[in-house]
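S.K.: I'll drop the sequence and a predicted model, then ask my questions.
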Amino acid sequence: MPLVESWWSRWPSRYETEMAAYERRGLVATRDETGWEAGRLVVRLQVPTGAGDEVADVKVVYPNTFPHTRFEVYATN
């Protein structure tokens with residue numbers, strides 16, 4: 001159990017806004033449940049690269065201090 005209350009617990013509408021933004025862009029966001037249970041939001045995406053059917057696997061890591069601190073994006077392939 002995390003020691004600090006998660007930002008999505010403090011601002012549930014902010015969490016919904018973040019997830020809806022992915023959907024509006026046609027991206028399927030998959031929440032990493034292991035991170036969620038540990039008190040972190042990690043979102044996995046498959047983003048089209050523009051090269052045919054090729055997609056990039058992307059991981060978005062939201063810090064505990066979000067929305068006051070920016071999230072980080074990692075291309076995993």
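M.R.: Looks like it arrived, so ask away. Numbers count the residues shown, from 1 in each chain.
S.K.: Okay, buried residues for stretch 52-70 please.
M.R.: 58, 60, 62, 66 (16 or more other CB atoms under 10 Å). The way it works is simple: take the backbone N, C-alpha and C, and place the C-beta from them, glycine included.
S.K.: Report the central residue of this protein.
M.R.: Val43 (3.1 Å; CA atoms, centre = their mean).
S.K.: That residue should be in a helix, yeah?
M.R.: No - per DSSP: H, G, I helix; E, B strand; the rest coil, Val43 lies outside any helix segment and is strand.
S.K.: Can you give me the distance of it to Pro63?
M.R.: From Val43 across to Pro63, the span is 13 Å (CB to CB, to the nearest Å).
S.K.: Would you mind giving the buried residues of stretch 52-70 as a markdown table with secondary structure added?
M.R.: Formatted as a markdown table, these follow (three-state DSSP):
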| residue | secondary structure |
| --- | --- |
| Val58 | strand |
| Val60 | strand |
| Tyr62 | strand |
| Phe66 | coil |
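S.K.: Now do the helices in this protein.
M.R.: 7-10, 12-24, 33-37 (DSSP state H).
S.K.: what's the most buried one of those?
M.R.: Comparing the helices of the chain by mean neighbour count (mean count of other CB atoms under 10 Å), helix 7-10 ranks first with a mean of 15.
S.K.: can you give me the offset of it from its chain's centre?
M.R.: 14 Å (CA atoms, centre = their mean, to the nearest Å).
S.K.: just stretch 14-34 next, same as before
M.R.: The answer for stretch 14-34 is 6 Å, by CA atoms, centre = their mean.
S.K.: end-to-end on it?
M.R.: 21 Å (CA to CA, to the nearest Å).
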